[in-house]
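>>> below are the sequence and a predicted model for it; my questions follow.
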Amino acid sequence: MATASASHAYKNFINGEWVAPRSGKTLENRNPGNTDELIGIFPLSSREDVDVAVSAAKEAYKTWRLIPAPKRAEILFRAVELLVKRKEEFSRDMTREMGKVLAETRGDVQEAIDMTYYMAGEGRRLFGQTTPSELPNKFAMSLRQSIGVCGLITPWNFPMAIPAWKMMPALVCGNTLVIKPAEDTPLSTYHLVEMLSEAGLPPGVVNLVGGDGPDAGAPLTKHADVPVISFTGSTSTGRIIAETCAPTFKHYSLEMGGKNIILVMDDANLDLAVDGAIWGGFGTTGQRCTAASRVGIHKSVYKEFVGRFVERAAKLRVGNGLDPSVEMGPCINEQQLQTVMSYVEIGVKEGAKLLTGGHRLAGGELAKGWFHEPTVFGDCQPKMRVAQEEIFGPVVSLIPIDGLEQGIAVANGVPYGLSASIYTRDVNHAFAAMRDLYTGIVYVNAPTIGAETHLPFGGTKQTGNGHREAAVAAIDFFTEWKSVYIDYSDKLQRAQIDNN
Ligand code: NAD
């Protein structure tokens with residue numbers, strides 16, 4: 001059987017074959033925790049490669065859309081069974097290519113598994129509606145129809161989960177696709193595509209083109225034969241994609257940045273809130289779109305919370321994610337590390353109090369990777385840049401608040417709207433927060449991270465453009481509604497006219 005790699009050199013997957021990029025260009029994928037370790041050499045594809053992949057997907061769409069959805073779903077079920085068997089191997093590979101600790105990469109692969117089971121189940125649902133007609137002897141219903149070739153563009157922080165969030169609903173709905181994974185973490189997407197191929201997916205239904213944003217991603221978003229673009233990444237790239245897709249009225253869903261907050265009220269269980277803020281702020285080295293990069297703390301418990309939180313943050317063990325004692329891995333690359341370091345300077349300059357961390361970690365083995373200390377800024381003003389902008393690293397800004405009303409104003413006072421959380425034992429506060437936090441996700445007595453695949457996922461304002469991923473919401477994005485009327489009266493019946 002053909003495989004994705006030969007001695008670490010990976011190829012594109014087009015029309016059921018592993019093929020070298022026509023561009024002839026490649027990219028080294030190295031472990032961010034130890035850059036001496038080469039994970040593999042991956043294609044840096046060009047527009048030509050994208051064109052070939054899109055033609056294969058366009059051709060395959062002619063037959064794939066007509067395969068009954070329960071039969072399409074059976075292939076997904078077979079693929080997920082293969083994925084379950086190889087979960088540990090793929091999790092270890094993901095820690096090597098992305099850096100996050102093994103417990104978290106196991107979670108990432110599990111999320112892909114959950115999503116695949118969920119969407120395979122949709123093969124026997126994909127429900128529409130039947131509804132009475134306003135006219136006699138007339139039948140009315142709505143059906144979902146597939147759309148065509150989907151272009152999927154994904155980031156590096158969830159290297160298997162996010163590709164699965166997009167691929168599985170696209171496929172079960174009868175679309176074909178071309179995926180362009182993030183340049184820093186292509187291997188996990190390769191693993192996913194290999195499982196689908198082994199499960200018997202027909203050639204051309206899934207195509208994988210490795211490469212960077214401008215040369216491989218952009219041609220996909222511009223392609224006339226790609227009516228759907230699903231993107232997850234930064235808000236700045238999302239804006240470019242929106243501008244590219246709008247003139248030709250493509251369907252495009254954008255899942256972008258976040259500046260999420262945990263609110264700690266005066267009646268909160270502080271032990272629980274500290275646990276949540278540590279996991280929400282420093283899990284995945286703060287490189288989650290839902291990371292709790294801000295904590296708003298009621299003034300009456302501020303001192304106590306800050307003391308405990310800083311003590312815990314300073315003790316986090318940073319290192320190679322394959323070491324079971326390590327709690328936090330590296331930043332994804334040198335550029336991301338530089339961004340974190342520049343925000344530390346910004347925070348200090350604008351008067352935030354550096355309570356712990358603030359430096360690159362480069363002693364001993366850590367010198368080979370992009371490690372940074374867990375960093376906490378205290379006494380932050382809500383409008384400071386460290387409390388407004390997405391840093392995407394292990395930096396948490398603590399903001400004193402007077403009470404619920406001000407806490408919600410602070411929470412909502414950022415350009416993003418992905419996730420927010422409140423720690424309180426007051427049911428009135430919990431319900432008011434649920435109602436007034438203007439985000440796509442709200443947690444009560446849990447941190448801002450931890451989405452489940454059967455609920456809609458996404459955010460408001462500059463986090464998204466109104467679509468949601470996961471759950472039935474994903475099915476809504478990857479299909480179009482068609483309303484069908486069947487008149488069996490044998491005469492002309494005019495709606496709104498003949499029965500009024
Ligand atoms: P990024 O925007 O730099 O890249 C994302 C993807 O877009 C990559 O595959 C990249 O190659 C591609 N790309 C870049 N320029 C492009 C262009 N001009 N045309 C087409 N494609 C292009 O983001 P990143 O650094 O990989 O990921 C981090 C960002 O992703 C953060 O802002 C984070 O909040 C966000 N994110 C959001 C969610 C969510 O669901 N809201 C989930 C995870 C990550």
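That came through, no problem. Numbering: from 1, shown residues only.

>>> hmm, Gln475 is touching Gln145, no?
Residue 475: Ile, not Gln. No. Ile475 is not in contact with Gln145 according to CB atoms under 8 Å; the separation is 11.8 Å. To be clear about C-beta, it is placed using only N, CA and C from the backbone, and glycine gets the same treatment.

>>> list the buried residues in the longest helix seen in the chain.
When the chain is parsed with DSSP state H, its longest helix is helix 102-122. By neighbour count, with 16 or more other CB atoms under 10 Å as the criterion, the buried positions of helix 102-122 are 102, 104-120, 122.

>>> so Tyr190 makes contact with Val206?
No. Using CB under 8 Å, Tyr190 is not in contact with Val206, being 11.5 Å away.

>>> shared neighbours of those two, anything?
Each of Phe13 lies in contact with both Tyr190 and Val206 under the rule CB atoms under 8 Å, 6 or more residues apart in numbering.

>>> how many residues are close by the nearest residue to Arg288 once chain neighbours are set aside?
Leaving aside its chain neighbours, Arg288 sits nearest to Ile449 (5.5 Å; criterion: CB to CB, 6 or more residues apart in numbering). For Ile449, the count of nearby residues is 21 (other CB atoms under 10 Å).

>>> so Ile449 sits in a strand?
No. Read with DSSP: H, G, I helix; E, B strand; the rest coil, Ile449 is coil and lies in no strand.

>>> how about the backbone phi and psi for it?
Backbone torsions of Ile449, given as degrees, to the nearest 10, read phi -110, psi 160.

>>> wait, it touches Phe282, no?
No. Counting by CB under 8 Å, Phe282 is not a contact partner of Ile449; they are 10.6 Å apart.

>>> wait, what's in contact with the most centrally placed residue in the chain?
Residue closest to the average C-alpha location in the chain (CA atoms, centre = their mean): Ile162, at 4.6 Å. Ile162 sits next to 154-155, 232 when contact means CB under 8 Å, 6+ apart.

>>> tabulate those (TSV), appending pLDDT, neighbour count and distance to the ligand.
Listed next are these as TSV, based on pLDDT from 0 to 100; neighbours: other CB atoms under 10 Å; distance: CB to the nearest ligand atom, whole Å:
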residue	pLDDT	neighbour count	distance to the ligand
Thr154	98	29	6
Pro155	98	23	3
Thr232	98	25	5
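
>>> which ones are touching the nearest residue to Glu88 once chain neighbours are set aside?
In this structure, Glu88 finds its nearest non-sequential neighbour in Arg106, 7.5 Å apart by CB to CB, 6+ apart. Each residue near Arg106 by CB under 8 Å, 6+ apart is listed here: 87-88, 91.

>>> look up the pLDDT of Ala4 for me, please.
For Ala4, the pLDDT comes out at 55.

>>> do the same with the one 4 residues further on
Model confidence at His8, given as pLDDT, is 84.

>>> sec struct for the nearest residue to it once chain neighbours are set aside, please.
Spatial nearest neighbour of His8, excluding adjacent residues (CB to CB, 6+ apart): Gly40 at 4.5 Å. Recorded secondary structure, Gly40: strand (three-state DSSP).

>>> Gly40 is in contact with Lys11, isn't it?
No. With contact defined as CB under 8 Å, Gly40 does not reach Lys11; the gap is 10.7 Å.

>>> residues from the stretch 151-300 of the chain in reach of the ligand?
153-158, 180, 182-183, 212-214, 217-218, 221, 232-234, 237, 240-241, 255-258, 289 (CB under 6 Å from any ligand atom).

>>> repeat that for 8 Å
153-158, 162, 180-184, 211-214, 216-218, 220-221, 231-238, 240-241, 244, 255-258, 287-290 (CB under 8 Å from any ligand atom).

>>> just the buried subset of those, please.
Buried among those (16+ other CB under 10 Å): 153-158, 162, 180-184, 211, 213, 216-218, 220-221, 231-235, 237-238, 240-241, 244, 255-258, 287-290.

>>> Gln406 versus the nearest residue to Lys383 once chain neighbours are set aside, what's the distance?
Among residues not flanking Lys383 along the chain, Gly413 sits closest, at 7.7 Å (CB to CB, 6+ apart). In this view, Gly413 and Gln406 are 10 Å apart by CB to CB, to the nearest Å.

>>> could you report the separation of Glu345 from the ligand?
The span separating Glu345 from the ligand equals 20 Å under the rule CB to the nearest ligand atom, to the nearest Å.

>>> just give the number of residues close to that residue.
Count around Glu345 with other CB under 10 Å applied: 10.

>>> which SS state does it fall under?
helix.

>>> contacts only, for it.
Glu345 neighbours (CB under 8 Å, 6+ apart): none.

>>> again, 10 Å this time
Gly358 (CB atoms under 10 Å, 6 or more residues apart in numbering).

>>> CA atoms of stretch 363-383 as CSV?
What follows is stretch 363-383, C-alpha atoms only, in CSV (Å, rounded to 0.1, in the frame of the first residue of the first chain):
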residue,chain,number,x,y,z
GLY,A,363,18.9,26.5,30.2
GLY,A,364,20.2,23.0,29.4
GLU,A,365,18.0,20.9,27.1
LEU,A,366,15.5,23.8,26.9
ALA,A,367,18.0,25.8,24.8
LYS,A,368,17.0,23.6,21.8
GLY,A,369,13.4,24.7,21.9
TRP,A,370,11.1,27.7,22.0
PHE,A,371,10.2,27.7,25.8
HIS,A,372,8.9,30.6,27.8
GLU,A,373,8.2,30.9,31.5
PRO,A,374,4.6,30.9,32.6
THR,A,375,4.0,34.7,33.0
VAL,A,376,1.5,36.6,35.1
PHE,A,377,0.7,40.3,35.0
GLY,A,378,-1.2,41.8,38.0
ASP,A,379,-3.1,45.0,38.5
CYS,A,380,-3.9,45.3,34.8
GLN,A,381,-6.3,47.9,33.5
PRO,A,382,-8.9,46.5,31.1
LYS,A,383,-7.7,48.7,28.2
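
>>> buried set for the host helix or strand of Leu337?
For Leu337, the host element (DSSP states H and E) is helix 334-349. Residues of helix 334-349 classed as buried: 336-337, 339-341, 343-344, 347 (neighbour count, 16+ other CB under 10 Å).
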